[in-house]
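Asker: sequence plus the predicted model coming up.
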Amino acid sequence: QVQLVESGGGLVQAGGSLRLSCACSGRTFSTYTMGWFRQAPGKEREFVAAISWSAGRTDYAGPVTGRFTISRDNAKNTVYLQMNSLKPEDTAVYYCAADVLYRPIILRNFQGYAYWGQGTQVTVSS
């Protein structure tokens, strides 16, 4: 059983920064590809960023490239999302997800991620 718990969300002004954390209970966390997704009211869940099990590969959605950075600490079973230069359009519930199947690629499709956290709200005011 894999459990994911996000933290670090909140209210921030445009141009500000937040760092989200996701703690994972899985014993083999170091083998999972980890992803961050977000969902704004009335919109579909969308891919934000992901990192391979070894942290050797990362992938970012276009709107966040250059502003967000995903990282992981396998010793702490935790994945992070550093968000800088936040914009009002970044407002959403952010979800952490785990792809526990070994794959040679990083998936952007949320259906490939079997485990999800409860989400953390990020609100960016203008």
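Answerer: Noted; the coordinates are in hand. Numbering: from 1, shown residues only.

Asker: sec struct for the residue most central in space within the chain, please.
Answerer: By Cα atoms, centre = their mean, the mean C-alpha position of the chain lies nearest to residue 36, the distance being 2.1 Å. Secondary structure, DSSP: H, G, I helix; E, B strand; the rest coil: residue 36 is strand.

Asker: and it, how far from residue 126?
Answerer: 23 Å (Cβ to Cβ, to the nearest Å). Quick note: C-beta positions are derived from backbone N, CA and C, even for glycine.

Asker: okay, now the residue nearest to residue 4 when sequence neighbours are not counted: neighbour count?
Answerer: Leaving aside its sequence neighbours, residue 4 sits nearest to residue 117 (Cβ to Cβ, 6 or more residues apart in numbering; 3.7 Å). Counted with other Cβ atoms under 10 Å, residues neighbouring residue 117 total 21.

Asker: which residues in the chain form strands?
Answerer: Applying DSSP state E to the chain gives strands spanning 4-7, 10-13, 18-24, 33-39, 46-51, 58-60, 68-73, 78-83, 92-99, 115-116, 120-125.

Asker: let me have those strands in JSON lines, adding distance to residue 105 and mean pLDDT as columns.
Answerer: Compiled in JSON lines, those are given as follows (distance: least, Cβ to Cβ, whole Å; pLDDT from 0 to 100):
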{"stretch": "strand 4-7", "distance to residue 105": "21", "mean pLDDT": "97"}
{"stretch": "strand 10-13", "distance to residue 105": "33", "mean pLDDT": "98"}
{"stretch": "strand 18-24", "distance to residue 105": "21", "mean pLDDT": "97"}
{"stretch": "strand 33-39", "distance to residue 105": "9", "mean pLDDT": "97"}
{"stretch": "strand 46-51", "distance to residue 105": "10", "mean pLDDT": "97"}
{"stretch": "strand 58-60", "distance to residue 105": "9", "mean pLDDT": "97"}
{"stretch": "strand 68-73", "distance to residue 105": "16", "mean pLDDT": "96"}
{"stretch": "strand 78-83", "distance to residue 105": "18", "mean pLDDT": "97"}
{"stretch": "strand 92-99", "distance to residue 105": "10", "mean pLDDT": "97"}
{"stretch": "strand 115-116", "distance to residue 105": "19", "mean pLDDT": "96"}
{"stretch": "strand 120-125", "distance to residue 105": "27", "mean pLDDT": "98"}
